[in-house]
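Asker: here you go, sequence then predicted model.
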Amino acid sequence: MSPPDLSFLRQRQIAWSRRTFLGKSAQAIGTLALSSLLTPRALSAAAGPPVNDGRWRGILPSPHFLPRAKRIIQLSMAGGPSHVETFDPKPKLNALHGLPFPAAFTEGQQLAQLQHERGGLRARGSPFTFSRCGLSGQMICDLLPHTQTIADDLCIVRSMHTDQINHDPAHAFMNAGSIIKGRPSFGSWMLYGLGAEADNLPGYVVLMSNGPGNDQPISARQWSAGFLPSKFQGVQFQSKGTPVHYVGNPDGICQSLQRQLIDELAELNGYCAERTLDPEIQTRVAQYELAFKMQTSVPELADLRREPQSTLDLYGIKEPGDGSFASNCLLARRLIERGTRFVQLYHRGWDHHSEIDKNLPLACKLVDQASAALVKDLKQRGLLEDTLVIWGGEFGRTPMGQGTGRDHHINAFSVWMAGGGIRPGITWGSTDELGYRYLPDGQDMHVHDLHATLLAAFGIDHERLTYRYQGRDFRLTDVHGRVAHGILT
Amino acid sequence: MEPWLQLAGRLHPIAAHLPIGLFILLAVIELAGAFPGGPRLTAQQRSWILSLGFLGAATTASFGWLLAGSGDYDDTILERHRWLGVGFAATTAVLYFLRHRPGAYAAGLTVSVALLGFAGHAGGTLTHGESYLSLSTVAAASPAPTRVEDTRLFDDIIHPILQQRCVSCHGASKSQGDLRYDTREFLVQGGKSGLSFKPGDAHGSLLIKRAHLPLEAKQHMPPKGKPQLTEDELTLLEWWIDVGAPFDVRVSAIEVPPLILERLAARLGWVREPTPDRAVVLAAAAALEQRLGVLLRPLTQDGPWLAANARVKLTAFGDAELAALAPIAPALYWLDLGETGVTDAGLGALAAMKNLRRLQLDRTAITGTGLRALSGLSHLETLNLHGTRLTDADLSALESLPRLRSLYLWQTQVSAEAAARLGQKQTDHRRIARWRTEMAALEAKIRAETFRANLGTDTESRPPSPPAPTTARSP
C-alpha cells in the first residue's frame, strides 16, 4: 500500500508561512477597517449579539434566495413501486402484453436479473386502469382512489431516473446522492444548512412501517450524517409503543434530579471539550440536552388519543400508534407542526418481483388513503404552504415481465410532490411509449436534479451548501444537479 | 421605392448629426478666434472642415428627401424641415467659396448655423411630436389630486399614458395611419385600420390587440425600438376600455378592483415605503430574538426580509410581545402568530408590517374586529385563520387586500358561500381570461411545431418486411 498523499499539508504549510501570514493579516486588517468605515454598522450586525439558547440555527446565515418551503416530509416507498401501474400509463405496453419486448430498447444494456429471463424479454402490460383526475386531468391509477382526489395538488414527475439498481445502494443514492459510505443524507444536509425550529425534538426524524410481506431491510446508514457532525443524523422513532425507548425516568428519579445530572454532565464535558477540541463532545452535550427536553415533548407528541376521531378516520387509522403507515403519517404531521425540519417515512413492501397483479393492489391500499390524507390535512391547516411532501420509491420497475412480476428498473420511475413551492396540478417529464426510459427533453429528472430542485425550494443553491472534508468541498449533488425551475412556483 | 433607397432614407437621422457637430464646432472655434489669444484655424484646416461639412450636409439632405417620401408626417412641418435643410446644405457650399473673405464668411457662417438650428428643431418635432420639448408634458407626470378617488379617470390616468406612449407618432405633427390620440375627439375617430377601441370590450379593441402582439410583429404597437407600454399601463388601459371607456368620470364613481386601485396609486407617483436597511434590521432582530425567544431568520442573502416564528412561544407570546416587534415591522415577510396569545387589541401592530407576505393567525382568540388592522397589508398573499371564531360578516375586512391568494378557514364559522363570494372579488377574471387566450395561442404553436405521422391502423395490408416495430425509438 502506498503512503497517503499528504501534499495538501505541504501546500497548507506554504500557504501559511510567516511571510504569507503577515501579508494576509495586514491586508485583512486593512480591508476590515475600510469596510467598517464604509458601512459602520455592518460589522456589528453581522456578528450580532449571539443568541445562545442551544438551538442550531444552520450554517447558512440566510437562505441563498427567497425560500418557498420550510419543512419536508418524504414518503419513501421502499422496494420501488411500478411506475407503469401507478402514475405513468402506457397503452402501447398493454397492447404488446406478452409479446417480445422490442430489442431496440434494451440492446446492449444491463438488466439486473432479467438478462437471462427464460423465453427472452417480454412486454408486460398493466391490468389496472387509469383515470383522468381533478381539474388538472392528471392520470392516476385506479388502485390509488384517494390519491386521485388530490390530483390537483400534485406535481407528478414521470421522468425520474437513478444510477443504482439494488435496493440498499439505490436508497443511499436517493438519500445522499452517492453510494459511498460516509456521505451525509439529504435530511442531514438540510439540518446542517438551515437548522430546525424545534429545540425539544430532533430536527430530522425517521419512521418505518411494513408492507404485507417480502420486505427488504432498510439500513440505518440511510439517515446517517456521514462526515457531518453526528448531531445532524436522523433519529429513528419507534412506530409502535413509545417512539423513543427509555425516555421516561427510572423509578426514584424526578425531573429536577435529572436536570441536575444533565447540567453536571455538561460541565464535565465542557472541561473535556476545552482540552480536546473535538466537535463530537459538543454534539454529546447537545444530545443530552435534547434528550432531556424530549422526556416531556415526546410523550405529548406521541399521544394520538388527542386527535379527534374524524382525523383518525381521514388517515384510516384503526389503532393509533399501531406502527402502520397511516399512524406514521399522522405522527409526521404532528412532528412538522412542532418544528421538525425533515420527517422521512420508510414504508416497505413495494418489491414486486412476482405476483404483482395480486400484491400491488395490497401495497397501494396500505399507503393510498394515508398519503392523500396527509396532504389534505396539511392543506386544511395551512401547513402545505411551506411543507413539501414527496412520495416515491428508490427506482421503478421494468416494463418487461419477470415471471409474474417486474424487476428493478433505473431508467424511469415516477414520484409525486405537493406543497412547499411545488407547482400543483402538473405532470413533469415523460417516458417513451413503453415506459422504458425517460425522454431527454429537458424535463428529465435525475436523482441529483431532484436534490438540486428540492434544495432550491428551501432557498438553497445546491452548489453553495458545502462541507470541507479530507481536503475537498463536498456537496449533496457532488458535481451534478440541475434545478427544474419549471416545477417550482 | 427600392428597398436600399428606403434604407438610405432611414439613415437620415444618423447622418444628420455629422454636419450638425462639424458646423457647431467650426462656429465655436471661429467665434473664440475673434478674441485675443483664441484658437486660429489655418486655411487648410478650414477648407477641410468646410468640405467635410458640405459633404455631410448634402448626403443628409438627400437621405432626408428619400425619407420624406415614405413617412406619414405632418405636411406643414415636413415642408418646413425640407427647405430649411436644403437651404442649410446650400449655404455650406456657398460658405466654401467665401472662405477667403472674412466679412462675408462670418455672415454666411451665422446664417448657416441659424438655418441648422431651425432645421434641426423641425426634424425633432417630426420625430418626437410638437409637445416633446415643453415643460408642461415633462411635468404632467406629477399628480395634482391627492387621493386616488378624486382623480379624473381619463384626464389624469389614461390620457397621460397615451400621451407618453402613442402621441409621438399619432399626434398633431405626425399621424401615422391617420390616427391621432392627442385629443378625445380624434381618439374616438380611430384611423385607417378602423376604430381603436370598443367600449366594454378590451379584447376586441384594436389598441389592446396590437399591444399584445409579439414585439417582433410588424403590427405590434408601440413599434419595436420605441418605449413600450408597461404591464401596469396596459392593465389600466384595458380596464378603462372594459368599464366602457368613459371620459368624464372620477375614479370614485366606479367600482375599482383592489389591484387596479394599487396600480392607480403607483401611477400617480405614490411612493412605496423605502426598503429597510439590512444591517439595522438584523441587529434589531438579534436583540429581539434574545429578548422574546421568538425565531427571526433573514430570508435572503441581501434583502432585509425576515421570517418570524412566534408559535414556538405559544401563549407566552401575547399582545405586548407583538408590539415589541415594531423596530423590525417593515422588514417582516412571514409572520407566524399561530397558537399564540395575541388578541384583537394587539393586532393593531400588524398595520406597520407593510411588507407581510404570509401571516398565520390560526388557533388564536382573534375576531373580525382585529382583522381590520390587516386592511393596509397590500402585499399579503397567504392568511391562515383556521380554528378562529370568524364568521361570514368578518370576511369583508379582507376585501381590500389586493394580493390575497390563499385563505385558510377550516374550523371557523365561515360558510363556503361567503368564502366563494370573497374569492370572486379577489380574482381578476378578465386578466385570467386574457392569459387563457394567450395559452391557447401557445398551444396552437406547439401543435404547429409537432410532427405527426399517420400510418393507419390496418397492419395487415402493410408489407411485413421491417423487423423492428415502428414504435421503437432508440433509447
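Answerer: Now that the structure is in, tell me what you want to look at. Numbering: from 1, shown residues only, chains lettered A, B, ... in the order given.

Asker: buried ones in stretch B:356-370?
Answerer: B:Leu356, B:Arg357, B:Arg358, B:Leu359, B:Gln360, B:Leu361, B:Asp362, B:Arg363, B:Thr364, B:Ile366, B:Gly368, B:Gly370 (16 or more other Cβ atoms under 10 Å in any protein chain shown). Quick note: C-beta positions are derived from backbone N, CA and C, even for glycine.

Asker: turn those residues into TSV, including pLDDT and secondary structure.
Answerer: Converted to TSV, the buried residues of stretch B:356-370 look like this (pLDDT from 0 to 100; DSSP: H, G, I helix; E, B strand; the rest coil):
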residue	pLDDT	secondary structure
B:Leu356	95	coil
B:Arg357	95	coil
B:Arg358	96	strand
B:Leu359	97	strand
B:Gln360	96	strand
B:Leu361	96	coil
B:Asp362	95	coil
B:Arg363	95	coil
B:Thr364	96	coil
B:Ile366	95	coil
B:Gly368	91	helix
B:Gly370	92	helix
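
Asker: just these that are near chain A?
Answerer: By Cβ under 8 Å from any Cβ of the partner chain, the members of the buried residues of stretch B:356-370 lying near chain A are B:Arg358, B:Gln360, B:Asp362.

Asker: quick one: the helix or strand where A:Gln344 lies to chain centroid distance?
Answerer: Assigned by DSSP states H and E, A:Gln344 belongs to strand A:342-348. Chain-centre distance of strand A:342-348: 8 Å, with Cα atoms, centre = their mean, to the nearest Å.

Asker: that strand: partners in the sheet, and parallel or antiparallel?
Answerer: According to DSSP bridges, strand A:342-348 forms sheet pairs with strand A:71-78 (parallel), strand A:204-209 (parallel).

Asker: if you rank every helix and strand of chain A by mean pLDDT, what lands last?
Answerer: The weakest-scoring helix or strand in chain A, judged by mean pLDDT, DSSP states H and E, is helix A:42-47 (a mean of 39).

Asker: chain B against chain A: which residues are in contact?
Answerer: Near chain A, when you scan chain B using Cβ under 8 Å from any Cβ, you find B:277-280, B:282-283, B:286-287, B:289-290, B:293, B:295, B:297-301, B:305, B:309, B:312, B:358, B:360, B:362, B:382, B:384, B:386, B:406, B:408, B:410, B:468-469, B:471-475.

Asker: what about those residues, which are in helices?
Answerer: B:Arg278, B:Ala279, B:Val280, B:Leu282, B:Ala283, B:Ala286, B:Ala287, B:Glu289, B:Gln290 (DSSP state H).

Asker: just to revisit the earlier point, so which of the strands paired with strand A:342-348 gets nearest A:Gln255?
Answerer: strand A:204-209 (23.3 Å; Cβ to Cβ).

Asker: re the thing from before, among the residues of chain B next to chain A, name the buried ones.
Answerer: Buried among those (16+ other Cβ under 10 Å): B:278-279, B:282-283, B:286-287, B:289, B:295, B:297-301, B:305, B:309, B:312, B:358, B:360, B:362, B:382, B:384, B:386, B:408, B:469, B:475.

Asker: quick one: list the elements packing against whatever helix or strand B:Arg447 lives in.
Answerer: Here B:Arg447, judged by DSSP H and E, is contained in helix B:429-449. Under the contact criterion of 3 or more Cβ pairs under 8 Å, 6 or more residues apart in numbering or on different chains; DSSP states H and E, helix B:429-449 touches helix B:231-242.

Asker: go ahead and measure how far the helix it packs on is from the middle of the chain.
Answerer: 11 Å.

Asker: contacts only, for the closest residue to chain B within the stretch 351-489 of chain A.
Answerer: Residue nearest to chain B within the stretch 351-489 of chain A: A:Gly382 (3.7 Å; Cβ to the nearest Cβ). Applying Cβ atoms under 8 Å, 6 or more residues apart in numbering or on different chains to A:Gly382 gives the contacts B:Gln360, B:Asp362, B:Thr382, B:Asn384, B:His386, B:Ser406, B:Tyr408.

Asker: looking at those residues, which is nearest A:Phe227?
Answerer: Distances from A:Phe227 to the contacts of A:Gly382, taken by Cβ to Cβ, are shortest for B:Gln360, at 36.7 Å.

Asker: so that closest one bridges to which residues?
Answerer: Beta bridges link B:Gln360 to B:Asp336, B:Asn384, judged by DSSP bridges.

Asker: same check on A:Met417?
Answerer: Bridge pairing for A:Met417 - DSSP bridges - gives A:Cys155, A:Ile390.

Asker: doesn't A:Cys155 make contact with it?
Answerer: Yes - in terms of Cβ atoms under 8 Å, A:Met417 counts as a neighbour of A:Cys155; the distance is 4.9 Å.

Asker: anything in contact with each of those two?
Answerer: In contact with both A:Met417 and A:Cys155: A:Ile487, using Cβ under 8 Å, 6+ apart.

Asker: neighbours around the nearest residue to A:Pro145 once chain neighbours are set aside, how many?
Answerer: Spatial nearest neighbour of A:Pro145, chain neighbours left out: A:Asp368 (6.7 Å); criterion: Cβ to Cβ, 6 or more residues apart in numbering or on different chains. The number of residues packed near A:Asp368 is 21, by other Cβ atoms under 10 Å in any protein chain shown.

Asker: check contacts around A:Asp368.
Answerer: A:Leu143, A:Leu144, A:Pro145, A:His146, A:Thr147.

Asker: mind putting these into a markdown table with secondary structure, neighbour count and pLDDT?
Answerer: Listed next are those as a markdown table, based on DSSP: H, G, I helix; E, B strand; the rest coil; neighbours: other Cβ atoms under 10 Å in any protein chain shown; pLDDT from 0 to 100:
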| residue | secondary structure | neighbour count | pLDDT |
| --- | --- | --- | --- |
| A:Leu143 | coil | 20 | 97 |
| A:Leu144 | coil | 25 | 97 |
| A:Pro145 | helix | 16 | 97 |
| A:His146 | helix | 19 | 97 |
| A:Thr147 | helix | 26 | 97 |
